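Chemist: My questions concern the predicted model and sequence given below.
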Amino acid sequence: MGLKFRDIVSSHEIKLDELKGKTVALDAANTIYQFLSSIRQMDGTPLMDSQGNVTSHLSGILYRTSSLVEKGIKPIYVFDGKAHILKKDTQDGRRKIREEAEVQWKKAVDEGRVEDARKFAMRSSRMTPDIIEGSKKLLDLMGIPYIQAISEGEAQASYMVDKGDAWCVGSQDYDCMLFGAPRMLKNIAARGSKSRLEMIYLDEVLEMNGLTREQLVDVAVLVGTDFNEGIKGVGAKKGRNLIKKHGDVFKALKHLKAEMDIDPQEIRDIFLNHDCIEDYDIKWNKPDKEETIKFLSDEHDFSADRVVSALDKLKKLNPAQKSLEQWFG
DNA sequence: CGGTCAAA
DNA sequence: TTTGACCGG
């Protein structure tokens, strides 16, 4: 679901070709979840191989990644590590929603309500360890780098943008702004025309709202994050006004005569003092065509022709390196 | 979602 | 050249 910050965030519409040459740190969980929920048939059935393994995420990763590379964009995927203990309630809530959606999905299929079936099926999407492992394996075979975060992937991706190793975080969730990402990109897709691609600049959002980053985190604590519930009746605008008026979350809570289950400082620390991998290396390698075909076509029933034509698009990456290899190799 | 191909 | 229906696995 993510942080409900839409009302206090300004964005700039951009075109995909403005990202030419840029490195985008993609929130892997966020990206894979999108594929799992949307790459489905009309009745909601995901793509599957003959053994019944879900393959929607593999399709999404193969085609989107190769398409982005073809357009001159350099993707890095950042995977979540261990979830913070305080995320448990959010995770439990999501699981419950999934389970209810699954029941509704089956019911809609039985009753022949195809559109409802797809809607509920999308909500029932779940990310299994197999799906994560398969995604990582495919990225390795494609020669696309990925980073395994210690905790939140968004935190790691934000760190990488801050450090200058990536241009922006690619995600649908505003959480990365709390983690300090100077730039985030919303609605990234292979075909740019379908939904508008939005750039969001942290500095601009802070300036527009008259807040520091620490205060933006405090607004989030009032509104509610994946790690705490927030105060009833306080949305983004009300939260911002409270923090602007009172300075910080403690004073705002005192004014509201409200208390929180969790010490706000603990939530602050999640966003402001998170652990990151610092000695990662980012390298785009030549795809292993043979092994990719073995994995996708032999094991998961993908059309070999389609796999090959997707992989051919990856040749666009690092033409300089290729010529160096020709000289020195 | 992304690729393909037919129709506009 | 653009749009949309349809299929992939």
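Modeler: Cool, got the structure.

Chemist: which regions of the stretch 201-329 of chain A lie under the pLDDT threshold?
Modeler: For the stretch 201-329 of chain A, the stretches with pLDDT under 70 are A:318-329.

Chemist: Which part of it gets nearest to DNA strand B, residue-wise?
Modeler: Across the stretch 201-329 of chain A, no residue is closer to DNA strand B than A:Ser309, which sits at 5.4 Å (C-beta to the nearest atom of the strand). All C-beta atoms are positioned from the backbone trio N, CA, C, and that covers glycine.

Chemist: I figured A:Leu26 hits A:Gly170, correct?
Modeler: Yes - judged on C-beta atoms under 8 Å, A:Leu26 makes contact with A:Gly170 at a distance of 4.3 Å.

Chemist: For whichever strand or helix holds the residue of the stretch 201-329 of chain A closest to DNA strand B, which outside residues touch it?
Modeler: Element membership for A:Ser309, per DSSP states H and E: helix A:304-313. Helix A:304-313 has contacts (C-beta atoms under 8 Å, 6 or more residues apart in numbering) with A:62-63, A:66-67, A:69-70, A:142, A:287, A:289, A:292-293, A:296-297.

Chemist: Enumerate the residues of chain A near DNA strand B.
Modeler: A:34-35, A:38-40, A:59-60, A:63-64, A:66-67, A:189-191, A:194-195, A:306, A:309-310 (C-beta under 7 Å from any atom of the strand).

Chemist: Now do the contacts for A:Ala236.
Modeler: Counted by C-beta under 8 Å, 6+ apart, A:Ala236 has contacts A:4-8, A:219, A:223.

Chemist: Of the residues you listed, which belong to strands?
Modeler: Per DSSP state E, strands hold no members of the contacts of A:Ala236.

Chemist: okay if I get those residues as TSV plus neighbour count and distance to A:Tyr280?
Modeler: Formatted as TSV, these follow (neighbours: other C-beta atoms under 10 Å; distance: C-beta to C-beta, whole Å):
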residue	neighbour count	distance to A:Tyr280
A:Lys4	16	31
A:Phe5	23	28
A:Arg6	11	31
A:Asp7	12	35
A:Ile8	20	32
A:Val219	27	30
A:Val223	24	32
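
Chemist: what's the farthest-apart pair in those?
Modeler: By the measure C-beta to C-beta, the contacts of A:Ala236 have their two most distant members at A:Arg6 and A:Val219, which lie 13.0 Å apart.

Chemist: any weak-confidence spans in the stretch 1-150 of chain A?
Modeler: A:1.

Chemist: Which stretches in it count as helices?
Modeler: A:28-38, A:56-70, A:88-110, A:114-123, A:129-142 (DSSP state H, counting those that start in this stretch).

Chemist: again with the stretch 201-329 of chain A
Modeler: Using DSSP H, counting those that start in this stretch, helices in the stretch 201-329 of chain A cover A:202-209, A:213-223, A:236-246, A:249-256, A:264-272, A:289-293, A:304-313, A:319-328.

Chemist: which bits of the stretch 151-300 of chain A sit near DNA strand C?
Modeler: A:193, A:300.

Chemist: and the closest residue to A:Thr292 other than its chain neighbours, how many neighbours does it have?
Modeler: Closest residue in space to A:Thr292, ignoring its immediate chain neighbours: A:Leu141 at 4.4 Å, by C-beta to C-beta, 6 or more residues apart in numbering. When neighbours are counted by other C-beta atoms under 10 Å, A:Leu141 registers 21.
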